[in-house]
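A.B. asks: need a 3D model of the sequence below.
(chains A, B, C and D)
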There are 4 protein chains.
Amino acid sequence: MDLAGKRIGVLTSGGDCAGLNAVVRAVVHRAVQGYGMKVVGIEQGTAGLLARPVMVRELEPSLFTGDILRRGGTILGTTNKGNPFSYEMPDGQVLDRSEEIIEAYRELGLHALIGIGGDGSMAILRQLAEQGGLNFIGVPKTIDNDLGHTEVSVGYATAVDIATQALDQLQPTAASHSRVMVLEVMGRDAGHIALNAGVAGGADIILIPEVKYSLASIKRKIERIYAEGRNFSLVIVAEAVRDEEGRKVTETQASGAVTYGGIGEYISHRIAEETGAETRVTVLGHLQRGGVPSARDRIMGSTFGVHAVDLVAAGKFDRLVAWSGRHCFDVPLQEAIAGYRAVQPDSSVMLTARGLGICFGDD
Amino acid sequence: MDLAGKRIGVLTSGGDCAGLNAVVRAVVHRAVQGYGMKVVGIEQGTAGLLARPVMVRELEPSLFTGDILRRGGTILGTTNKGNPFSYEMPDGQVLDRSEEIIEAYRELGLHALIGIGGDGSMAILRQLAEQGGLNFIGVPKTIDNDLGHTEVSVGYATAVDIATQALDQLQPTAASHSRVMVLEVMGRDAGHIALNAGVAGGADIILIPEVKYSLASIKRKIERIYAEGRNFSLVIVAEAVRDEEGRKVTETQASGAVTYGGIGEYISHRIAEETGAETRVTVLGHLQRGGVPSARDRIMGSTFGVHAVDLVAAGKFDRLVAWSGRHCFDVPLQEAIAGYRAVQPDSSVMLTARGLGICFGDD
Amino acid sequence: MDLAGKRIGVLTSGGDCAGLNAVVRAVVHRAVQGYGMKVVGIEQGTAGLLARPVMVRELEPSLFTGDILRRGGTILGTTNKGNPFSYEMPDGQVLDRSEEIIEAYRELGLHALIGIGGDGSMAILRQLAEQGGLNFIGVPKTIDNDLGHTEVSVGYATAVDIATQALDQLQPTAASHSRVMVLEVMGRDAGHIALNAGVAGGADIILIPEVKYSLASIKRKIERIYAEGRNFSLVIVAEAVRDEEGRKVTETQASGAVTYGGIGEYISHRIAEETGAETRVTVLGHLQRGGVPSARDRIMGSTFGVHAVDLVAAGKFDRLVAWSGRHCFDVPLQEAIAGYRAVQPDSSVMLTARGLGICFGDD
Amino acid sequence: MDLAGKRIGVLTSGGDCAGLNAVVRAVVHRAVQGYGMKVVGIEQGTAGLLARPVMVRELEPSLFTGDILRRGGTILGTTNKGNPFSYEMPDGQVLDRSEEIIEAYRELGLHALIGIGGDGSMAILRQLAEQGGLNFIGVPKTIDNDLGHTEVSVGYATAVDIATQALDQLQPTAASHSRVMVLEVMGRDAGHIALNAGVAGGADIILIPEVKYSLASIKRKIERIYAEGRNFSLVIVAEAVRDEEGRKVTETQASGAVTYGGIGEYISHRIAEETGAETRVTVLGHLQRGGVPSARDRIMGSTFGVHAVDLVAAGKFDRLVAWSGRHCFDVPLQEAIAGYRAVQPDSSVMLTARGLGICFGDD
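C.D. replies: Coordinates of the predicted model:
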């Protein structure tokens, strides 16, 4: 099939992360120079296809000669709001606007759409593709790394690096002041960032949603550390961890008389109460998303971008590109969306953490 | 005077920061190799002299051959609790324990004491020195850089670097999501970190305790940015900034129905209310203290350590080492303690910030 | 089998790299806390077992509570000289000293030996184990990543990060001065570092030993870049690449009248000659080995260390720990040594590089 | 005087470095938003004014809203070739082309020119200004920091940071392999980078052009280190250091039978010969120029840019902006060019280095 002159669209959707620009750059290079196609960058995720006029721009390889690989975020812009199937209008009304997107795809004369997103975005984009008969390819990105059929998603490696660096920065101040330092990291419902950064950064205690903890266990660990002659400890906790009774800890949740800003603050206060230790909490927040993409995210993102265009060229649609070991491959999108991956208790990194004597609060 | 064999003590006091180990290393090298003295490291600040037995260890140059320069915090440990003149005992009683410290100094046979600390520590140590006739030299350290008679204190340069890097990490995610990103940094009552990191990191709005702001002014700035076609902005706010009515914003303070965790969160909420923008807040917290000391803090710290020992050798006591331009010098400690330095409205960096069109909320 | 009280030895061998301390730390934690064993650290690789008295020290978990994870190199010391089977004595005589090592193993009362090294070290250690009936487990480390049965070896990830960062630093100066910047990286006979850092760092041209290049091809690529309106380019070259005639480029090799310090310098001069471009060369050298280990090398190293001890505990010897995808496993050492891995022409990252239009000098 | 609508030109000249974009950004912001002027960016230094048509572009504040502060190099391009007073034409003829530049200044209708450069560029630009009656302001930039009337020049702080980081990376590999590691850094005829990075990075030996060394002294230092039980040492050497006989060490210089690539290689070989130590050399090269500008270079660069425009607005020309302590000021350009600054033997950092026992090869 002659692809020369055909147009493909590319968009980023959901929360931003490091490595997105590597994907977009690779898509443009491969499509334009490899196949003579044209690439249309769609701005602000699906919102760019809902706007009239649509928010798009032609993407040329010459845009990507400078330092785009080194830049965090996405030059296309993104949003994690506005599901087109149940779109909340300014007046509060909720509309199904999916046909507007399909219409935009047609009017742009797109041959295919490459969407870079997490599981939520993939589900929406796949539904759009099915409904409108769009040629769709998905590229996985999420700092949470909770997509099951790929070993890594774009953005995850950099997030782990940044969280590890945060523990590196907290360790000397913990040791200097004989403190228990609590670091709260992202990860949505999964504990991958906390687990991996915890192992890399030398955490003593790692709390993840996949393991139920007790404060008694944490207390024993901290006392054991003191007994061994060390005066400080490092705790890393994933954002989705609940309080000891299993309740979500948010700004508005009150446990008795005290209100906590989040799980990090809750754990910090509770450890202080239980052990008498001086504690401090740091919420890493959006620092995890930004920053210079790591080499790994750039390589992964570049590989995904090239492979996605090759799938378009091969006429294989409704698939997600993925990574395992040293290989890039692709899986049916349907399967990928279904394959949520939490931290497995017998995964190698969990066994490592256990083997290092790291406490998960469950012993 | 023959100094060979004389013992000097060195301690770190108050909040930890980057560069303290460079000072201690330089003190040991200079004293032992330059003058044949011995150096006693006192642990946990003045607490090490209150403990019985005292918490001290001999420091040899051979301890400092590895990567000590690269390590944050202080290998001696420190504390910002326990003023010996009004020491709160476990039973709640408040005692003057200053004589115990003077006694420890005598029993250790110290010829002089070098104390590395901020203004609070310097005031206490000077009072101890006066009362007990101790030979004392102070070395300035504070990430807040609020000591008046020295251009820079140990720890400040690294804190500015880390806060700048945080803005670097927040900028791409702000741009990707069309958000207003608020970063809360330390600095106690002074705005030096916020001002300098704000200029270096490309902040649009800098809020410091030295300048009274209004939300109306902030709102105008953000609207002006949108009008110029930019979709995001960066705000940096010093921890001591108050709410619009001048009240301290803490976890327990409530402004109407809403409770804020700190000034960053307050500003973030208020900007969202006033402008409709999507906002996010990051509290940098203890990340500012730790981490690998910058080259500048290592050079400064090394210079201060050498100079402090040279003062001991010259028999000049009751002085603070200081820095200006390219030169290390020393000033009477009394003067140094009195010389608090806030951000001056006509300082070069303030004029720069104004010249760049950065908003301080006062126009 | 009761392992309590048994002693295992651990040594690092061959060129140092980032992540070795993570392995040693994990070995000690797992062996001492998990199984009640004792760990003897052997200094300077096999040289420590050749010395009399042997150069060893007991390793306790308490040694590893600080920032050891963050430190490059190996606290045990290492060497890439002195094959015990053909040991060159100071007087030039070459001796087989293998029995001395086996004797040292016995006299130390070791139950097993964990050796961290590359393929050369593994071959020697395996031969020693066979000859002396030692219980041996290997852990793969090499920045070259040329061991075939493991996806990654300890040290490789950090080396790629550092080489990528070097390209990040060279790009703006290349663009500012309209230059062709040549970066020479390590990798022994394999091109993994050059390929991966090249893709991550935005190289235009990647030269690796696995692909034969011509200067004519390189010239065409650079002219194409100019034709597209870009004024600079980035070239990364692996140390083992030969000159155009296939000869090794070393300090002593002369190509006509000119002598080159290495392949980077050769390529830089030849590009200048062929294209008239202003070129500059940077030889990254030992910077690739040192530095703060990346999160990935710390996780990998920790996992390998735990797994190696678990193999000892399970009585499984003569094996190499390895990594694939998300899993740590182990393979027969014999097989691992044989399985050299160069860059495969159809590997995903090669296809990515080709897909991005990166020139390998072969078209 | 009404400045609204007047045009000023800005150019970067000489070797690139970090922080140049901060100056250009500040010039544009201040001129356009502060005074209603227009700013013309001149490309490739004075070469942009020699070209016909001239190579210029209007610079708007909106160009500087992204991550320009974080980018190394100069967006305007630069060159360190082509003195317009003795310009070497392609045919080898040398012409005085100064009038062409003056003519371009006039035809562009410039009210003033801001030139960012080192001492060589300043001398040329000042001569042009005098000859043509141009309104000229200079902004100092040089990683060598050898301009006498300013404490720091743009680019120097980042270069010291990068050289320090290189020592940080070399230290663990030096210690692991019991090696003497030699790092060659830039600095032209001055030793500022070597001295400051050497102190910050824990060098044992610092060789700078300002201090005459002997290999005997270096040998004694290395032997002293071994005697104290340390197995490695770090040497930093400035590029302009000569061989022991005072001869320049270049690629073509031969000392007896051996040819050295540069002073680093020479020192490395000679130390190996003299002490029997295993040595390795790293030439940092262009890595020192590029990379993300440090906070200090961004603050300094921003301040210089604003101040330069304020001088234009005040009608004060023929001046160089400068920095001392916490203050930005300006000096007559004539004076600034004359004020070369080498490392002073009694400067604070030299005294610090001596006080730390660092060897300069002169004892």
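
A.B. asks: which residues in the stretch 1-150 of chain A form helices?
C.D. replies: For the stretch 1-150 of chain A, applying DSSP state H, counting those that start in this stretch gives helices covering A:20-28, A:35, A:47-50, A:98-107, A:119-132.

A.B. asks: quick one: closest of those to chain C.
C.D. replies: helix A:20-28 (6.1 Å; C-beta to the nearest C-beta). All C-beta atoms are positioned from the backbone trio N, CA, C, and that covers glycine.

A.B. asks: the next helix or strand after that closest one close to chain C?
C.D. replies: Counting by DSSP states H and E, the next helix or strand C-terminal to helix A:20-28 is helix A:35. No: Helix A:35 lies out of reach of chain C by C-beta under 8 Å from any C-beta of the partner chain, never closer than 10.2 Å.

A.B. asks: so which of the helices of the stretch 1-150 of chain A is the most surrounded?
C.D. replies: helix A:20-28 (a mean of 28; mean count of other C-beta atoms under 10 Å in any protein chain shown).

A.B. asks: hmm, back to that, adding mean pLDDT, write the helices of the stretch 1-150 of chain A out as CSV.
C.D. replies: Formatted as CSV, the helices of the stretch 1-150 of chain A follow (pLDDT from 0 to 100):
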stretch, mean pLDDT
helix A:20-28, 97
helix A:35, 97
helix A:47-50, 96
helix A:98-107, 97
helix A:119-132, 96
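
A.B. asks: which one of those helices lies nearest to A:Arg296?
C.D. replies: helix A:20-28 (10.5 Å; C-beta to C-beta).

A.B. asks: in contact with A:Leu234, which residues?
C.D. replies: A:167, A:170-171, A:174, A:180-181, A:183, A:201-205 (C-beta atoms under 8 Å, 6 or more residues apart in numbering or on different chains).

A.B. asks: can we see that at 6 Å?
C.D. replies: A:167, A:181, A:203-204 (C-beta atoms under 6 Å, 6 or more residues apart in numbering or on different chains).

A.B. asks: closest to B:Ser121 among those?
C.D. replies: A:Met181 (22.3 Å).

A.B. asks: helix, strand, or coil at that closest one?
C.D. replies: Secondary structure, DSSP: H, G, I helix; E, B strand; the rest coil: A:Met181 is strand.

A.B. asks: over to A:Asn196?
C.D. replies: Per three-state DSSP, A:Asn196 ends up helix.

A.B. asks: repeat for the one 10 residues further on
C.D. replies: Three-state secondary structure (criterion: three-state DSSP) places A:Ile206 in strand.

A.B. asks: in the sheet, who's paired with it?
C.D. replies: A:Ile236 (DSSP bridges).

A.B. asks: surely it and A:Asn196 touch.
C.D. replies: No: at 9.5 Å, A:Ile206 does not count as touching A:Asn196 under the criterion of C-beta atoms under 6 Å.

A.B. asks: return the residues in contact with the nearest residue to A:Ala194 once chain neighbours are set aside.
C.D. replies: The spatial neighbour of A:Ala194 that comes closest, neighbours along the chain excluded (C-beta to C-beta, 6 or more residues apart in numbering or on different chains), is A:Ala238 at 4.0 Å. Neighbouring residues of A:Ala238 by C-beta under 6 Å, 6+ apart: A:187, A:191, A:194, A:208-209.

A.B. asks: from the contacts of A:Leu234, which single one is nearest chain B?
C.D. replies: Looking across the contacts of A:Leu234 and measuring by C-beta to the nearest C-beta, the closest to chain B is A:Met181, at 6.8 Å.

A.B. asks: tell me how far the closest one lies from chain C.
C.D. replies: In this view, A:Met181 and chain C are 14 Å apart by C-beta to the nearest C-beta, to the nearest Å.

A.B. asks: quick one, strands of the stretch 51-200 of chain A?
C.D. replies: For the stretch 51-200 of chain A, the strands defined by DSSP state E, counting those that start in this stretch occupy A:56-59, A:87-88, A:94-95, A:110-117, A:136-140, A:179-185.
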